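Engineer: Give me coordinates for this.
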Amino acid sequence: MLTITKAALLTALVLALGVAGCGGDDDQGGGSGAAPTATPSKPAGDGDSEAEREAEASGKEKRCDEVGDISGKPKRRFPKTLALPSGARVYESEGPFGRTVRYFAVTSGEPGELPAVRDRAAAALKAKGYKLLDSDQEEGAEAEAHLSRAKGTVDVQVINLCEGKLRIRYTVS
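Structural biologist: Sure thing, here's the model as predicted:
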């Protein structure tokens, strides 16, 4: 009988602690008391968060000397299996991250031209044997295309970079 009493006591204690953790909001500061956890940083300009998209959308107002070296050379050579739209030039690369490498190209353009530049980039890739899987856009912020070929995929994202310039990111997997 003593074992049942200990089990019942233990169950009651666990339930009491669970209910205590779900109690009312006595904290006038509104905080939970939990410390924030660090999140892994992503490469700049990835454009996945709302704040990043808003910052990228305002790129048209940045001077080009404020966005980094867009006249630089990438660490990795742009693969011959890919193609750029006319007027675009690769200025940076990142990776590899496993099998994935990112290439960044710059071209002339304005926010209203994001879908057209995306379509030109996709057409250049289709001429190299890639098949368009999907495309989408967020008006004035970004335009994306997703393509594949037997040996991998390419995701293309076009965003505002700076005054009169657009950035084309190629994520090659």
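Engineer: what about the nearest residue to residue 127 once chain neighbours are set aside, distance to residue 66?
Structural biologist: Among residues not flanking residue 127 along the chain, residue 83 sits closest, at 6.3 Å (C-beta to C-beta, 6 or more residues apart in numbering). In this view, the C-beta of every residue, glycine as well, is placed from N, C-alpha and C. Distance of residue 83 to residue 66, computed by C-beta to C-beta, to the nearest Å: 29 Å.
Engineer: who's more crowded, the two?
Structural biologist: residue 83 (17 against 10; other C-beta atoms under 10 Å).
Engineer: per-residue pLDDT, that one?
Structural biologist: Looking at residue 83, its pLDDT reads 96.
Engineer: buried sites along the longest strand anywhere in the chain?
Structural biologist: Criterion DSSP state E: the longest strand present in the chain is strand 152-162. For strand 152-162, a neighbour-count test (16 or more other C-beta atoms under 10 Å) marks 154, 155, 156, 157, 158, 159, 160, 161, 162 as buried.
Engineer: now the strands for the chain?
Structural biologist: Using DSSP E, strands in the chain cover 89-97, 100-108, 131-138, 142-149, 152-162, 165-172.
Engineer: The residue nearest to residue 127 against residue 125, yeah?
Structural biologist: Yes. Judged on C-beta atoms under 8 Å, residue 83 makes contact with residue 125 at a distance of 6.0 Å.
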